[in-house]
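>>> Please work out how this folds:
(one chain, ligands or ions: 1)
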Amino acid sequence: MKATLAEAFNQTSYRLSGHTPRNLEVLKQALNQVDGERASDMYGKGEIIEDFQDKLADFLGKEAAVFFPSGTMAQQIALRIWADEKQVKRVAYHPLSHLEIHEEDGLKELHHLETILLADENRVIELEDVTGLDKEIACLLLELPQREIGGQLPSYETLEAISEYCRKQGIRLHLDGARLLEILPYYRKSAAEIGALFDSVYISMYKGLGGVAGAILAGEASFTEKSKVWKRRHGGDLISLYPYILSADYYFEKHKDKMDQYYQDAVQLAEQFNRCPYISTVPEIPVSNMFHVYLAKGKEAAESLLASIYEEGGIGLTSYVKEKNEQACYFEVSIGEGYHSIPKPEIKKTFELLGKKISDQEENEYCG
Ligand SMILES: Cc1ncc(COP(=O)(O)O)c(C=O)c1O
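As a prediction, this is how the structure comes out:
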């Protein structure tokens with residue numbers, strides 16, 4: 001019996017995306033050098049959590065920061081605080097934002113907030129979408145990069161213009177910066193420079209940064225103090241969060257200065273994909289460490305093609321493909337340390353296989 005795509009992927013020696021495999025070694029590595037006598041954090045207090053929060057507040061150019069177990073919790077809370085402040089139970093974001101499609105309507109069910117979906121789902125939010133709003137909103141959330149469309153970004157000038165407009169209109173601007181560090185090389189800005197355009201900022205500790213889990217929510221102290229109350233209400237004030245915090249800190253230090261390399265690798269890799277027949281990337285030229293790879297093939301044909309490449313080439317390009325329509329499917333690539341561990345000749349071999357097998361498949365289909 002032929003292996004499924006996921007099975008074939010699990011057998012590969014190298015993976016294109018991410019850092020090391022997400023196994024327990026991730027935590028073990030991070031705790032290796034830790035002094036076992038150090039006191040744990042307790043319900044959001046203590047040196048371990050407070051020092052890390054201060055460090056990240058500084059990094060993001062904000063007065064204060066709070067460590068959360070998840071971005072899902074942190075962001076729903078941020079929007080709730082801004083809605084309460086303005087006494088307007090309405091916020092706006094992109095139709096494919098994480099809150100809209102991955103959080104089981106938490107914002108609506110838990111906080112009873114109404115949402116306005118801005119922009120067409122295949123592009124990023126532009127200034128005109130914001131100025132064209134015909135209902136009052138408390139907060140606009142921008143996700144940078146917009147993950148579900150391959151990690152696209154608006155221009156920096158657009159960000160500045162949206163920020164200025166929101167300030168004038170009394171609309172709070174929140175940054176879903178789950179992957180904020182990953183876009184700094186493209187914008188050529190610091191996290192604090194981008195943070196200055198927003199009233200509140202969230203970053204993830206486990207995506208490009210590679211920690212176990214966790215999130216930071218930053219803003220003025222009056223905002224973050226309220227977020228701590230909500231964190232407790234949500235049950236997010238775990239007695240000890242140190243396994244997440246210590247690993248977040250460890251991988252923050254390890255990976256934060258490598259984002260430029262990941263970005264350049266993504267640009268180069270997308271170019272190689274785009275040279276293959278029936279393959280294109282979105283965006284064509286990446287603006288961060290991530291992009292989506294589109295195959296002009298049905299899902300089943302794409303899966304069997306990829307599985308056979310893994311078996312011969314040993315590099316796992318993806319463990320899944322998502323169907324776009326009957327003739328097209330796609331998967332996400334996001335570069336981290338894993339890509340660097342792959343010997344270059346192996347990568348070359350995989351792309352040769354990809355080109356050849358796509359052509360063979362086409363010929364077979366054509367010949368019936
Ligand atoms: C853009 C974006 N925002 C928010 C989140 C939520 O993060 P968490 O998994 O920590 O809840 C994710 C997670 O994938 C994400 O991709």
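>>> and Val66, that's in a strand?
Yes. Read with DSSP: H, G, I helix; E, B strand; the rest coil, Val66 is one of the residues of a strand.
>>> Go ahead and confirm it touches Thr224.
Yes. Using CB atoms under 8 Å, Val66 and Thr224 qualify as a contacting pair, with a distance of 5.0 Å. C-betas here are computed from N, CA, C, even on glycine.
>>> Of those two, which one has the most company?
Ranked by neighbour count (other CB atoms under 10 Å), Val66 and Thr224 place Val66 first, with 25 against 22.
>>> before we move on, the earlier item: mutual contacts of Val66 and Thr224, please.
217-218 (CB atoms under 8 Å, 6 or more residues apart in numbering).
>>> Now whatever residue of the stretch 1-150 of the chain ends up closest to the ligand. Nearest residue, chain neighbours left out?
Using CB to the nearest ligand atom, the closest approach of the stretch 1-150 of the chain to the ligand is made by Gly71 at 2.9 Å. Nearest non-adjacent residue to Gly71, counting by CB to CB, 6 or more residues apart in numbering: Ala215, 4.1 Å away.
>>> thought that neighbour was touching Lys207?
No. Contact criterion CB under 8 Å: Ala215 and Lys207 do not qualify, at 10.0 Å.
>>> still on that earlier bit, how many residues are close by the residue nearest to Gly71?
For Ala215, using other CB under 10 Å, the count is 25.
>>> ditto for Ala221
Residues near Ala221, counting by other CB under 10 Å: 12.
>>> Quick one: residues contacting it.
Per CB under 8 Å, 6+ apart, neighbours of Ala221: 63-64.
>>> wait, Glu136 sits on Val88?
Yes. At 5.4 Å, Glu136 counts as touching Val88 under the criterion of CB under 8 Å.
>>> Look at the two and report which has more neighbours.
Val88 (18 against 11).
>>> How about the residues of the protein by the ligand?
Contacts of the chain with the ligand, taken as CB under 6 Å from any ligand atom, map to 70-72, 98, 143, 147, 176, 178, 204, 215.
>>> what would these look like in TSV with distance to Arg15, secondary structure and pLDDT?
Formatted as TSV, the residues of the chain next to the ligand follow (distance: CB to CB, whole Å; DSSP: H, G, I helix; E, B strand; the rest coil; pLDDT from 0 to 100):
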residue	distance to Arg15	secondary structure	pLDDT
Ser70	24	coil	98
Gly71	23	helix	98
Thr72	25	helix	98
His98	23	helix	98
Glu143	25	strand	98
Arg147	19	helix	98
Asp176	26	strand	98
Ala178	21	coil	98
Ser204	20	strand	98
Ala215	24	strand	98
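>>> quick check, nearest of those to Thr20?
Within the residues of the chain next to the ligand, distances to Thr20 taken as CB to CB reach their minimum at Ser204, with 17.4 Å.
>>> which ones are touching the closest residue to that closest one other than its chain neighbours?
Nearest residue to Ser204 in three dimensions, chain neighbours excluded: Ala178, at 4.1 Å (CB to CB, 6+ apart). By CB under 8 Å, 6+ apart, the contact set of Ala178 is 71, 98, 143, 147, 202-204, 207, 215.
>>> quick one: which of the residues you listed is nearest to Val282?
Closest approach to Val282 among the contacts of Ala178 (CB to CB): Arg147, at 11.6 Å.
>>> Any idea how many residues pack against Asn10?
For Asn10, using other CB under 10 Å, the count is 13.
>>> separation between it and Pro21?
Asn10 is 10 Å from Pro21, where distance means CB to CB, to the nearest Å.
>>> shared neighbours of these two, anything?
Joint contacts of Asn10 and Pro21 (CB under 8 Å, 6+ apart) do not exist.
>>> By neighbour count, which of the contacts of Ala178 wins?
With neighbours taken as other CB under 10 Å, the top of those is Ile203, carrying 29 neighbours.
>>> thought that one was touching Asp176?
No. In terms of CB under 8 Å, Ile203 does not count as a neighbour of Asp176; the distance is 9.2 Å.
>>> and the closest residue in space to Leu181 that isn't next to it in sequence, what is it in contact with?
Once flanking residues are discounted, Leu181 sits nearest to Met259: 5.1 Å by CB to CB, 6+ apart. With contact taken as CB under 8 Å, 6+ apart, Met259 is in contact with 181-182, 184-185, 208, 289.
>>> likewise Ile171?
130, 137-140, 165.
>>> and of these, the nearest to Thr4?
Distances from Thr4 to those, taken by CB to CB, are shortest for Leu140, at 41.7 Å.
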